[in-house]
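Novice: how would this look folded up:
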Amino acid sequence: MKSAVIIGAGFGGLALAIRLQSAGIGTTIVEARDKPGGRGYFWDRQGFIFDAGPTVITDPPCLEELWQLSGSRLCDDVDLMPVKPFYRLNWPDGTTYDYSNDEAQLRAEIEKIAPDDLAGYEKFQEYSKGVEREGYQKLGSVAFLDFASMIKAAPALARYQAWRSVYSIASKYVKSEKLREALSFQTLLVGGNPMTTSSIYALIHTIEKRGGVWFARGGTNRLVAGMAALFERLGGKLILNDAAEEIETDGNHTVAVRTKAGLRLPADAVATNGDLIHTYEKLLPGHPRGAKQTKALKRKRWSPSLFVVHFGLKGHYPDVAHHSILFGPRYKGLLDDIYKNGTVPEDFSLYLHHPSITDPTMAPAGHSTFYVLAPVAHLGKANVDWGNVDWDGEFGEKFKDAILDELERRVLPGLKENLTVSFCYAPTDFGRDLGAHHGSAFSLEPVLWQSAFFRAHNRDDVISNLYFVGAGTHPGAGIPGVVGSAKATAALMLEDMK
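Specialist: Just a heads-up that it's a prediction; the model follows:
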């Protein structure tokens, strides 16, 4: 039997492992942390279940396909619950906008804030459907290993003006600034600046509208647990609490993975779901490819980090949606601070997650679970002493208090007096726990010149049996993206191991 070792049990690593094991490749995953999930980690504190993220599940068919490979069903392991509205958007002047795939309701929401933009919104929808067809259905799970593959895709990319930004395309169709923000903010959920991320990412709108937005009962962590259970039922081996220390090579060929605990795992192929720079710099110390790629990757643009406050409250909050976006007083200016200036400003835009509104088991009886995140500049831009997950650093404490004050003022009156538990997760934690370069939450920034062929390849160009899966490789971040990367990488690996 052919064998493979996968470094990292994030969504991409698990999805790849399921595909390989289903195809008869004896697969082992090595995971440094005590639980699988990567960015889909979780904590149980005082009965509150806190998902680390991601929390937005879209395109369930891409997940169902993983179970279908072995004749089983996603619902055997995971209970997906629909979320409506998809998001509730809130602006400082009190305006709200509920976004869903209920067309009549959505039209009413648009008429409420921008009645003159209904026709323009419909044109944006058509544009989004086109880029979803070309960019996701046709290219989302196909590896780009050479420039010729990029040339083949170029006509479709040119037809949809892929060099333009999502915000620019939204602005082409609608005049309302609020609606422009409503149609472009989703790129932030995959690490992209709406002002610079390729307009191809407008496809997110169609993915959400076509397939809905979902939540796994018990938390995103239950989707992770379901994937891990499926992998192990198929005969795969999952090793926790043991980090990969070196990818052994013989010339331009991997031969084994060594771990910190002293395991040596020989394999016909090695794939990594880990951070790109960590892989090349730390795991290939004796191979010239490691140093060369590390240098090249450090010149690239990396997506921002996140500052996350997890908290539990006494009481129930039926008027607070499962997913809320709280826009700040600035849009472009704030994005410039995060992506260009590297400053942590006093204002912010926030994503508020309220899972217990959909699944009450996420909190103890009579309580509610939340997390709120603010995108912030990564550690390579912002010189901030964030501390760590249980710190009491002065800057971080002030930033946390400012965020909670904003929530209390706008959507959660009485927050401070009902606060039961809270802790923070900062850019430094992304760096420490995930080996993330600059504490980036989404790997490489998804600009056009770092997409498809210009992103990290699913198979290394020099080391013939070293593969990549996850946010840093094609097609990018987000659950559908990393699951798509697993499909692309698995196809390469299975073909190479014939």
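
Novice: CA only for contacts and neighbour counts going forward, please
Specialist: Noted.

Novice: Which residues outside stretch 283-301 are in contact with it?
Specialist: Residues outside stretch 283-301 that contact it (Cα atoms under 8 Å, 6 or more residues apart in numbering) are 244-249, 276-277, 279-281, 444-445, 462-463.

Novice: one more time with 10 Å, if that's ok
Specialist: Here stretch 283-301 makes contact (Cα atoms under 10 Å, 6 or more residues apart in numbering) with 244-252, 254, 257-258, 276-282, 339, 437-438, 443-447, 449-450, 455-456, 460-463.

Novice: Asp116 touches Ser176, doesn't it?
Specialist: Yes - using Cα atoms under 10 Å, Asp116 is in contact with Ser176, at 8.6 Å.

Novice: Common neighbours of those two, please.
Specialist: Common neighbours of Asp116 and Ser176 (Cα under 10 Å, 6+ apart) are Ile110.

Novice: Who has more neighbours out of the two?
Specialist: Higher neighbour count among Asp116 and Ser176: Ser176, with 17 against 13, using other Cα atoms under 10 Å.

Novice: Give me the nearest residue to the more buried one, chain neighbours excluded.
Specialist: Excluding its sequence neighbours, the residue lying closest to Ser176 (Cα to Cα, 6 or more residues apart in numbering) is Ala114, at 6.0 Å.

Novice: got it, and Asp77?
Specialist: Asp77 sits nearest to Gly226 (Cα to Cα, 6+ apart), 5.0 Å away.

Novice: What residues sit buried inside the helix or strand harbouring the one you found?
Specialist: For Gly226, the enclosing helix or strand under DSSP states H and E is helix 220-233. Buried positions in helix 220-233, judged by neighbour count with 16 or more other Cα atoms under 10 Å: 220-232.

Novice: Dump these into a markdown table; add distance to Val142 as well.
Specialist: As requested, these are arranged in a markdown table below (distance: Cα to Cα, whole Å):
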| residue | distance to Val142 |
| --- | --- |
| Thr220 | 26 |
| Asn221 | 27 |
| Arg222 | 28 |
| Leu223 | 24 |
| Val224 | 24 |
| Ala225 | 27 |
| Gly226 | 25 |
| Met227 | 22 |
| Ala228 | 24 |
| Ala229 | 27 |
| Leu230 | 24 |
| Phe231 | 23 |
| Glu232 | 26 |
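
Novice: Which one of those residues is nearest to Leu412?
Specialist: Set against Leu412, the nearest of the buried residues of helix 220-233 by Cα to Cα is Thr220 (23.7 Å).

Novice: pretty sure the closest one contacts Gly38?
Specialist: No - if you go by Cα under 10 Å, Thr220 and Gly38 don't touch, sitting 11.6 Å apart.

Novice: residues shared between the contacts of the two?
Specialist: Taking Cα under 10 Å, 6+ apart as the contact definition, Thr220 and Gly38 share the neighbouring residues Ala52, Gly53, Pro54.

Novice: ok, Arg409 - contacts?
Specialist: Ile403, Leu415.

Novice: pLDDT score for it?
Specialist: Per-residue pLDDT puts Arg409 at 96.

Novice: quick one: it and Val447, what's the gap?
Specialist: 35 Å (Cα to Cα, to the nearest Å).

Novice: Could you list the low-pLDDT ranges of the stretch 151-300 of the chain?
Specialist: Across the stretch 151-300 of the chain, the ranges flagged by pLDDT under 70 are 154.

Novice: Helices along that one, start to end?
Specialist: 166-173, 177-184, 203-211, 220-233, 276-282, 288-298 (DSSP state H, counting those that start in this stretch).

Novice: which one of those lies closest to Thr369?
Specialist: Closest to Thr369 of the helices of the stretch 151-300 of the chain is helix 220-233 (Cα to Cα; 13.6 Å).

Novice: Determine the set of other helices and strands touching the closest one.
Specialist: helix 11-22, strand 26-30, strand 42-45, strand 48-51, helix 60-68, strand 80-82, strand 213-216, strand 237-239 (3 or more Cα pairs under 10 Å, 6 or more residues apart in numbering; DSSP states H and E).

Novice: Take these and lay them out in a markdown table including mean neighbour count and distance to Tyr160.
Specialist: Below are the helices and strands packed on helix 220-233 laid out as a markdown table (neighbours: other Cα atoms under 10 Å; distance: least, Cα to Cα, whole Å):
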| stretch | mean neighbour count | distance to Tyr160 |
| --- | --- | --- |
| helix 11-22 | 29 | 28 |
| strand 26-30 | 25 | 39 |
| strand 42-45 | 14 | 39 |
| strand 48-51 | 24 | 36 |
| helix 60-68 | 17 | 24 |
| strand 80-82 | 16 | 31 |
| strand 213-216 | 22 | 25 |
| strand 237-239 | 19 | 42 |
